[in-house]
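> What follows is a predicted structure for the sequence shown.
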Amino acid sequence: MIARISSASLFGIDAMPVDVEAHVSSGLPNFSIVGLPDAAIRESRERVKAGILNAEFEFPKRRIIVNLAPADVKKEGPAFDLPIAIGVLATTRQMSIRRPGRYVIVGELALDGSIRRVAGVLAFAILVRDQGLAGLIVPRENAAEAALVSGVTVIPVATLYECASFLSCEAEITPYVREGSADSDFIDTIQRDISEVRGQQVARRALEIAAAGGHNLLMFGPPGSGKTMMAEAFPGLLPRLTLEEAIETTRIYSAARTSVTATALVGARPFRSPHHTISDIGLIGGGTVPSPGEISLSHNGVLFLDEVNEFQKRVLEGLRQPLENGHVTISRAAGIVRYPSEFILLAAMNPCPCGYLGDPIVDCSCTPQEIRRYRTRISGPLRDRIDMHVEVARLSRAQLTSDSAGESSEIVRERVARARAVQGERFAAVNIKVNARMRNKHLAKFCEMDEHTKDFLGHAVDRFAMSGRAYSKITAIARTIADLSGQRDISIDHIAEALQYRSLDREIKVL
Amino acid sequence: MIKTATRAARLFPSLLRTIPQSPKILYYRGALFEQLNQPTALTVAIVGSRRATRYGLDKAYEIARELSKYGIIVVSGLAEGVDAAAHRGALDGGSATIAVLGCGLDINYPFANRDLQAKIGREGALVSEFPPGTRPQGKHFPSRNRIISGLSTGVLVIEGAERSGTLITADMALSQGRDVYALPGPAGGRNTRTPHKLLRAGACLVESADDVIEELGLPVQSDNSCLNDASELREPASLSGEENAVLSTVINVPKTIDKIIYETGLQCNEVSSILVLLEIRKFVTRTLEGEYVSLTRQTEDSW
């Protein structure tokens, strides 16, 4: 007799239905799993054997074969332990599945027959919802995560025995229901308030513009000038996550096999700050079994690269596609996966090799030549994707103590939200959300300027010897500045302020 | 065309013959070199920091231009910063200028000054003791400095940090028996350490080209004074009240935008855009440090 159990496997951040078939026949005792299993699944034989025995069932001394269908897709992870064990029990008639409807079953078995949490449950729940299946049987620890998807019956199980008795209708398990709506789960505490940053009006203003228009921003300033602090305050300036965005982000965290695996909804915008020794796979995602990288973990949030020119060139080059498209496509032998990666890039670097250019206390010892070389070390293509540059000066102690606290993150966030609403209305017909995503055709359509303003911009670009790309960047930033001030038309003042944030475009001239 | 002059040659500058470790051979390009031994030829070196302030650059340019108008040949080292400003000033003043290089004359170093190098080769003279093809090396520059001071009757030091190459040149000048002049700067400034150290040690204080001319024992003719910066500022009638307020905070003193915001009490976005507008109209300029300072020497640039 053949037992057929529904389960699912992660593929990128999506779930793919997998049927677990178990067949027992006479012959020498043997237990094999076919259907392109990875090492974790092959080892599942041992866990299943021990789990079944310790749950007071019998492990048959016959020939057992388990097939994971479709057979031509690589499958991975220990989430098949539970469906395999159920399949073995069913095919050896130690239990019979009487529960009506198709349930997707996932879970890792412990040797004592209890069930451990697995990755990607949110994606499995979405699969169950989309395919209109009866329900999802998950490890108890994953129940809250699975229940984020409304309309899915989530059956939490703690042991193999519990699962078997539920399926054979010998016991009832009440489906897990979240208390309150998913929204109540938003733990959106502002990690660091922007009012903690003293002085730095220009940099604060730049952060506000970057948040409003979704612009990528490069800060440069000497060590100790507060670049990191400002970066940490940045996510708090962005508008709150919508439920849809929160689920998207949680799905990535759920699929990532990292310690940050979500138990509940990711409520605050992610802030990721990888060290500069990170590998390209760590940043972009990948691996033999693809898993999301830092850029996807920052989806709908902020990726902060401190000491940006210390990162390996190859690693940074990898950022180009995701920055342009908002997702990354990874091809491996195991298949092609696509991870979303819409984030705002914040980068920071020292102003010069020694780090003390412009420092009021310590002298800089670099020559103009060295400074020029240092600044151009960020590759051109990446520089092209950074919209704004801002200098962060180190303040003297007197300035630090005398400046009164500035506006709180809440106030700034309100202005940002208003500017985003304006953009949302404007871009209703096209598939973009923020000004930073405008292409040339959008610029022509949405950033109309009168002749006088256009002349001014042309003149300024000539005067500062800026590139053609700078022209469109400045227009986009000016659009955001106008949106922040609630004005429909871009004026010369908006353009002039925008020019202030393109300092890297200017030739570094000594005279 | 690169030519050579050995120490024994009639062309070899007699001033340079007198110094210890005088070079055995010089490579040069430009006719000016051949006129150095004429009795009317008078040479003054202007040296200073590669990372000079706007004040230092303006002074180097202005003094070199005035000296050049007077017919004095300005010698310098073609480095970025003060050297380049002095060469430019000298070229604009009408007389020629001599650049002493630390590499072969066919090498463009520093690359940023390649146009200037070509122009000096045509209108003035390029000099080096290193044969064509020699790459610039750190050890070349102190020996180049001895030629700069060796070619000159006096050395004017504009700006320089503590332990700078400028200080080495000044020391060489003293050991060669040349006059050393120094331009004072603001107290406590990083770039004023070398000139102030020299002034303390007895260097001659110079505020304008006239001071140098007087020191050289020549009659002063021009009515230039170094303190006319304010009058050189363009008539600011075309500026709005806010623009004037912003401009007045940065006259001759570079300031960060944050500081300007603080001092004017204007909004951040206003100050940011006003500064760009002023920069486009060449009232102010942005320094390497990202600070803004007034420009005193400019032409009307309308848009």
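On my side now, so go ahead. Residues are numbered from 1 along each chain as shown, chains lettered A, B, ... in the order given.
> correct me, but A:P83 touches A:A3?
No: here A:P83 does not reach A:A3: they are 9.7 Å apart, not a contact under C-beta atoms under 8 Å. All C-beta atoms are positioned from the backbone trio N, CA, C, and that covers glycine.
> So the two - more neighbours on which side?
Higher neighbour count among A:P83 and A:A3: A:P83, with 30 against 22, using other C-beta atoms under 10 Å in any protein chain shown.
> Point me to the residue of the stretch 1-150 of chain A nearest chain B.
A:I13 (40.1 Å; C-beta to the nearest C-beta).
> What separation is there between that residue and A:S254?
Look at A:I13 and A:S254: by C-beta to C-beta, to the nearest Å, they are 8 Å apart.
> hey, what's in contact with both of the two?
A:120, A:123 (C-beta atoms under 8 Å, 6 or more residues apart in numbering or on different chains).
> Helices of the stretch 51-200 of chain B, residue ranges please.
B:54-69, B:82-93, B:114-123, B:140-150, B:165-175, B:193-200 (DSSP state H, counting those that start in this stretch).
> Which other helices and strands does the fifth one contact?
Pointing back at helix B:165-175 there. strand B:43-47, helix B:140-150, strand B:154-157, strand B:179-182, helix B:193-200 (3 or more C-beta pairs under 8 Å, 6 or more residues apart in numbering or on different chains; DSSP states H and E).
> what distance separates the third one from the middle of the whole chain?
Centroid separation for strand B:154-157 versus its chain: 10 Å, with C-alpha atoms, centre = their mean, to the nearest Å.
> what about the strands in the stretch 151-300 of chain A?
Assigned by DSSP state E, counting those that start in this stretch, the stretch 151-300 of chain A shows strands spanning A:154-157, A:217-220, A:271-272, A:285-286, A:291-292.
> Please identify which of these is closest to chain B.
Using C-beta to the nearest C-beta, these put strand A:217-220 closest to chain B, at 8.3 Å.
> Residue 57: neighbouring residues, count only.
Went with chain A since none was named. 19.
> should've been chain B
B:L57: 24 neighbours (other C-beta under 10 Å).
> From B:S49, how far off is the nearest residue to it once chain neighbours are set aside?
Nearest residue to B:L57, sequence neighbours excluded (C-beta to C-beta, 6 or more residues apart in numbering or on different chains): B:A85, at 4.5 Å. Going from B:A85 to B:S49 by C-beta to C-beta gives 11 Å.
> Common neighbours of the two, please.
Joint contacts of B:A85 and B:S49 (C-beta under 8 Å, 6+ apart) are B:G56.
> between these two, which one's more packed in?
Higher neighbour count among B:A85 and B:S49: B:S49, with 30 against 27, using other C-beta under 10 Å.
> check contacts around the residue lying closest to the more buried one once chain neighbours are set aside.
Closest residue to B:S49 apart from its sequence neighbours, by C-beta to C-beta, 6+ apart: B:E159 at 4.4 Å. By C-beta under 8 Å, 6+ apart, the contact list for B:E159 reads B:48-49, B:52-53, B:56, B:82, B:166, B:183, B:185, B:191-192, B:194-195.
> Who wins on neighbours among these?
B:V82 (34 neighbours).
> Surely that residue is in contact with B:R54?
No: look at B:V82 against B:R54 with C-beta under 8 Å: they stay out of range, at 11.6 Å.
> what residues are up against the residue nearest to B:L57?
Shown in contact with B:A85 (C-beta under 8 Å, 6+ apart): A:511, B:52, B:56-58, B:60-61, B:64.
> May I see these organised as JSON lines, with distance to A:R99 added?
Listed next are the contacts of B:A85 as JSON lines, based on distance: C-beta to C-beta, whole Å:
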{"residue": "A:L511", "distance to A:R99": "83"}
{"residue": "B:A52", "distance to A:R99": "84"}
{"residue": "B:G56", "distance to A:R99": "86"}
{"residue": "B:L57", "distance to A:R99": "85"}
{"residue": "B:D58", "distance to A:R99": "88"}
{"residue": "B:A60", "distance to A:R99": "90"}
{"residue": "B:Y61", "distance to A:R99": "90"}
{"residue": "B:A64", "distance to A:R99": "95"}
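> Show me the two of the residues you listed that sit farthest apart.
Greatest spatial distance among these (C-beta to C-beta): B:A52 and B:A64, at 13.1 Å.
> quick revisit: can you put the helices and strands packed on helix B:165-175 in a markdown table and add distance to A:P368?
Output for the helices and strands packed on helix B:165-175, formatted as a markdown table (distance: least, C-beta to C-beta, whole Å):
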| stretch | distance to A:P368 |
| --- | --- |
| strand B:43-47 | 16 |
| helix B:140-150 | 15 |
| strand B:154-157 | 19 |
| strand B:179-182 | 23 |
| helix B:193-200 | 18 |
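> now for those, which one comes closest to chain A?
Closest among those, using C-beta to the nearest C-beta: helix B:193-200, at 9.3 Å.
> Sketch out the low-pLDDT regions of chain B for me.
By pLDDT under 70, the weakly predicted segments of chain B are B:221-237, B:296-303.
> which bits of it sit near chain A?
Contact residues, chain B versus chain A (C-beta under 8 Å from any C-beta of the partner chain): B:50-52, B:57, B:61, B:80-81, B:84-85, B:88, B:110, B:112, B:161, B:190, B:256-258, B:261, B:268-270, B:272-277, B:280, B:286, B:288-291, B:301, B:303.
> Select only the buried ones of these in PyMOL?
Only the buried entries of the residues of chain B next to chain A go into this PyMOL selection, using 16 or more other C-beta atoms under 10 Å in any protein chain shown:
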select buried, chain B and resi 50+51+52+57+61+80+81+84+85+88+110+112+161+190+256+257+258+261+268+269+270+272+273+274+275+276+277+280+286+288+289+290+291
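> sorry, back to before: neighbours around the residue of the stretch 1-150 of chain A closest to chain B, how many?
25.
> List the contacts of it.
A:120, A:123, A:251-252, A:254-255, A:292, A:296, A:337, A:339-340.
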